[in-house]
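Visitor: Show me the folded form of this:
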Amino acid sequence: MVIFLGACQDDDEINVGPPTIERVRSTDPTTADSAFTSATLGSTLAILGNNLLGTQQVYLNDYPLGVNTAYVTNNSVIVTVGDSVPTVATNPNVPNTLRLVNKAGEAIMEFQTLPPAPQVLQVKNQYVKPGDDLTLFGRYFYFVDSVYFPGEDVYVTSGFTTNAAGSSLTVKVPDGLDFSEGQAIRVVTKSGGSATNRNTQIYADKGMVADFDTNGALEWPWNWGWGISGDMIQPSQPGISSLEGNFAGMNQAFPANFGWNNDKVINLANWGGAQIFPTGEGYEPGVPANNFDIRVEVAVNTTESIEGLMMQIWYPDSNGNELSYNIPMSEFITKTDGSWYTLSANMTRLTNGSTRLNTYGDFLKGDKGGVKQLRLLVVNTTSSDIKAVVGVDNVRVIRAVN
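Guide: Numbers count the residues shown, from 1 in each chain. A predicted model of the protein is given here:
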């Protein structure tokens with residue numbers, strides 16, 4: 001007991017003076033000589049100073065961070081900036097201060113808390129050209145500095161439109177796109193830059209299967225089989241304007257309980273035996289199927305709920321298996337006002353039990369008779385018909401990973 005009381009007395013003697021903060025840095029040892037005046041949500045900070053042992057609380061913008069005594073010494077306190085800390089992005093009146101409190105007093109310094117680096121989760125419509133508006137969905141689109149496009153020094157530094165939640169960003173596509181430099185979009189803010197991946201890409205003018213106008217050497221229309229009627233291919237449908245030229249449209253009450261009709265199906269197949277899928281550089285047969293996405297633009301015009309509506313991608317492989325993948329439309333379509341959204345499905349998501357495509361060469365083979373075929377159809381899983389106009393355009397296979 002005497003030893004314990006003596007130890008407590010020593011701690012009290014150390015904390016006779018109020019705390020002082022000399023600087024703030026990252027916990028990364030390589031930043032030992034740095035001094036921060038701002039940090040993003042999610043950061044871990046080392047507060048350096050004197051008389052810090054016995055720290056009771058640390059506040060950022062008057063929000064308590066919580067202090068773990070295991071990470072407190074007389075000259076440092078380590079804290080984590082939680083996502084609940086208010087930032088200047090969501091409240092312009094925050095005090096922009098860091099405050100440390102112990103029994104003898106408190107220390108305050110100016111310190112700005114910023115949202116994390118932006119995250120791009122979805123490119124609304126990947127089929128864009130210079131002059132078009134490009135909309136991104138994601139998180140932390142605050143204090144946007146620039147948006148980078150494919151190409152060397154192709155970026156925009158003004159004219160951004162963002163919402164208050166920082167979850168959407170719209171920008172006009174500039175001239176000078178160069179897809180030899182990649183095909184991804186990157187957003188840079190005061191907090192840092194967004195990561196690039198297969199979800200941040202735009203169309204790089206490769207891999208088109210059906211644009212419902214012309215397709216390379218194959219003029220429209222192809223030698224179509226059942227499942228598509230001529231009046232489905234139009235430059236417009238009620239409430240839906242085309243992206244460019246014609247598109248495939250479906251205007252009907254989609255039958256309930258997985259019901260069938262031919263006019264809700266787009267069956268891409270050249271029964272004459274021509275290869276309709278892309279080949280050549282980037283589309284080598286030995287490349288893993290996981291490196292490819294099947295992408296298509298979809299627009300929906302309806303006043304009814306699309307919960308329960310799915311777009312099915314269907315493909316018959318060379319072993320007689322029917323591979324398919326159902327994508328709920330509500331997962332990628334935000335507004336049913338006739339605007340276009342890009343559906344993107346990794347090629348390996350087409351399955352039948354445990355059977356799936358292993359290489360791109362498996363996809364090129366087509367079905368058991370050698371016919372290359374890809375089908376898109378709308379599936380209604382609900383118990384009631386759903387009246388809607390659905391547009392489909394630019395069915396393509398994209399080499400998403402090099």
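Visitor: Where does the closest residue to residue 168 other than its chain neighbours sit, in terms of helix or strand?
Guide: Nearest in space to residue 168, with sequence neighbours left out and distances taken as C-beta to C-beta, 6 or more residues apart in numbering, is residue 137 at 5.5 Å. For every residue, glycine as well, the C-beta is placed using N, CA and C. Residue 137 is part of strand 133-139 when elements are defined by DSSP states H and E.
Visitor: ok, now residue 311?
Guide: strand 309-316.
Visitor: looking at the protein, which helix or strand does the model trust least?
Guide: Among the helices and strands of the chain, helix 2-14 carries the lowest confidence by mean pLDDT, DSSP states H and E, at a mean of 43.
Visitor: Give the residue spans of the stretch 151-300 of the chain that score low on pLDDT.
Guide: Applying pLDDT under 70 to the stretch 151-300 of the chain flags the ranges 215-231.
Visitor: try it again with 50
Guide: Residue ranges of the stretch 151-300 of the chain with pLDDT under 50: 216-218, 223-227.
Visitor: Can you show me the strands along it?
Guide: 155-156, 161-162, 168-172, 186-189, 192-193, 208-210, 214-215, 218-219, 233-234, 236-237, 240-241, 247-254, 265-269, 292-301 (DSSP state E, counting those that start in this stretch).
Visitor: Now do stretch 31-39: everything it contacts.
Guide: 23, 24, 25, 26, 45, 81, 110, 111, 112, 113, 114 (C-beta atoms under 8 Å, 6 or more residues apart in numbering).
Visitor: try 6 Å
Guide: 23, 24, 25, 45, 81, 112, 114 (C-beta atoms under 6 Å, 6 or more residues apart in numbering).
Visitor: go on, stretch 348-367?
Guide: In contact with stretch 348-367 (C-beta under 6 Å, 6+ apart) are residues 277, 285-287, 289-290, 292, 315-316, 318, 321-323, 325, 347, 372-373.
Visitor: Buried among these? Need that as a selection in PyMOL.
Guide: This is how PyMOL selects the buried members of those, with burial counted by 16 or more other C-beta atoms under 10 Å:
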select buried, resi 277+287+289+290+292+315+316+321+323+325+347+372+373
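Visitor: List the ones among the contacts of stretch 348-367 that fall in helices.
Guide: Assigned to helices by DSSP state H, none of the contacts of stretch 348-367 qualify.
Visitor: And this protein, split by domain according to the record?
Guide: 2-114, 119-200, 208-399 (automatic domain parsing).
Visitor: Can you give me the end-to-end span of the second one?
Guide: Distance between the two ends of domain 119-200: 10 Å, counting by C-alpha to C-alpha, to the nearest Å.
Visitor: do the same with stretch 146-156
Guide: First-to-last residue span, stretch 146-156, C-alpha to C-alpha: 5 Å.
Visitor: Tell me how far that stretch lies from the chain's centre.
Guide: Relative to the chain's own centre, stretch 146-156 is displaced by 18 Å; criterion: C-alpha atoms, centre = their mean, to the nearest Å.
Visitor: List the buried residues in it.
Guide: 147, 148, 149, 150, 151, 154, 156.
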